[in-house]
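>>> sequence and predicted model, in that order:
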Amino acid sequence: MIQEFINKHFFYLLIFTLTFGILLYDLIGFDYTDEFCALFLFILFGFYVLRNPEWPINKAFGITILIFIFYFIYSICINSNTKAAIISDFLIQIKPYLAFFCVYSLTPIFSTNQKNILRICSGGFALFLLIIGGLNLIFGDVLRAVMGHEAYFAAAIVSCALCFLFASDFNNKNKILYIIILAIGLLSTRSKFYGFFILNLAAICYFTQIEKFRISIKSMFFLTIVIGVIIIAAWQKINLYFIQGLSIDGEKDLIARFVLYATSIEIFKDFFPFGSGFASFATFSSGEYYSDIYIKYGIENIWGISKQFHSYIADTYYPSLAQFGILGVCFYILFWIYIIKKSYTFFKVSHNIKLFLLSLLIVCYFAIESTTDSTYTTHRGFFVMMILGLVLSNQKQEVIQKKCIKHEDSRN
């Protein structure tokens, strides 16, 4: 009875978040849609835990919360910023983990009818985005007028595509439709999206058979080619941020993102091993409640990082890991290892290649996006992390069902 309640209300939440937290986020102009959805999700999770006599709280979730509490106390102790700034950044940084672990713990299962609705909504939204992208090619500025930014447009396409594939049977027709939906994102002209699209194209065309996931000379050669093509597609940005910028001193005064990367290395060294604390560097809160770190490292006059204009402070994710130090980077990497390992463990039992592939693609999505965008801690990241939690929870449910069937067979 409780599970039916969870399934029903989580489905409504997912559709609501996709519609107002992704597709119409900028158009409606309400910046707290993801916070509202996060609150509802947490209430749903709390209801589920309290009504369940076994108190099903994932151990990894508990450890994650303890880690964040430690860094919160640490940030207060070292005065990384004002208390209001620390609280603000704490809530922003923990949000993607809450999205994943709450959904994973709830284990929502959609009915065939709900999956059909999700698939129709995803396809319909993708068609809407195609029209927006097409009109933008003809008239210009249409995309930004409706979506706010090309990055939001690309993320909306990714969200629709992931939902469509999750709700569909993994046959050739739906694979092609998935790639077609994803191809709409090419209209965003984002080099990161080009790389992600190539990765998806290769994965759908090649790694969709169980035997192809085995490590072999052929599969490794194919993977090397795919990585090479992705690097070529994104070479302009790679060259700008990681090669050209490191060799030309003048670039440091022009490129905010490169300055954040370069400064983060210094922070890692100076604040070893726990980092500079919440709301101190390369995050939204560190700009809103302007952190002294920028003045300390002499970058307060960089365009996009200044106190008067700090729009580019939270324009990338990896440099913000300097807030958590080397130890925090280790925790971050371990989280993704946990996701991949957990998904692969389920895959070995269920042999559901679609769900395993979805989990890997989402991990790759964040790995690529985080180089030059703070997607992970935004409304976009929140929704994709919900999808990741949904994917792994469905994998877990399939494993449980298979074990129950085996147990029944052994009894008979």
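Looks like it arrived, so ask away.
>>> in CSV, list the C-alpha atoms belonging to stretch 182-198.
The C-alpha coordinates for stretch 182-198 follow below in CSV (Å, rounded to 0.1, in the frame of the first residue of the first chain):
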residue,chain,number,x,y,z
LEU,A,182,19.2,13.5,-28.7
ALA,A,183,20.3,14.9,-32.1
ILE,A,184,17.9,17.9,-31.5
GLY,A,185,20.5,19.0,-28.9
LEU,A,186,23.0,19.6,-31.6
LEU,A,187,21.1,22.8,-32.3
SER,A,188,22.5,24.1,-29.1
THR,A,189,25.9,24.3,-30.8
ARG,A,190,27.6,23.3,-27.5
SER,A,191,30.8,21.4,-28.0
LYS,A,192,30.2,19.4,-24.8
PHE,A,193,27.0,18.2,-26.2
TYR,A,194,28.7,17.1,-29.4
GLY,A,195,31.0,14.9,-27.4
PHE,A,196,28.1,13.5,-25.4
PHE,A,197,26.1,12.8,-28.6
ILE,A,198,29.0,10.9,-30.1
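>>> from here on, call the first residue 737.
Sure thing, new numbering starts at 737, so read that last one as stretch 918-934.
>>> what mean pLDDT does that stretch have?
Stretch 918-934 shows a mean pLDDT of 87 in the predicted model.
>>> check stretch 803-815 too.
On average, the pLDDT along stretch 803-815 is 96.
>>> worst-scoring helix or strand of the protein, pLDDT-wise?
Across the helices and strands of the chain, mean pLDDT, DSSP states H and E gives its lowest value to helix 981-983, namely a mean of 47.
>>> beyond it, next helix or strand please.
Per DSSP states H and E, the first helix or strand lying C-terminal to helix 981-983 is helix 992-1006.
>>> with just CA atoms, put that next one into PDB.
Only the C-alpha atoms of helix 992-1006 are listed here, as PDB (Å, rounded to 0.1, in the frame of the first residue of the first chain):
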ATOM      1  CA  ALA A 992      37.300  33.300 -16.000                       C
ATOM      2  CA  ARG A 993      37.000  29.600 -16.100                       C
ATOM      3  CA  PHE A 994      40.700  29.100 -16.700                       C
ATOM      4  CA  VAL A 995      41.400  31.400 -13.700                       C
ATOM      5  CA  LEU A 996      39.200  29.300 -11.500                       C
ATOM      6  CA  TYR A 997      40.900  26.100 -12.600                       C
ATOM      7  CA  ALA A 998      44.400  27.600 -12.000                       C
ATOM      8  CA  THR A 999      43.400  29.000  -8.700                       C
ATOM      9  CA  SER A1000      41.800  25.800  -7.500                       C
ATOM     10  CA  ILE A1001      45.200  24.100  -7.800                       C
ATOM     11  CA  GLU A1002      46.600  26.600  -5.400                       C
ATOM     12  CA  ILE A1003      43.700  26.200  -3.000                       C
ATOM     13  CA  PHE A1004      44.100  22.400  -3.000                       C
ATOM     14  CA  LYS A1005      47.700  22.900  -1.900                       C
ATOM     15  CA  ASP A1006      47.100  25.700   0.700                       C
END
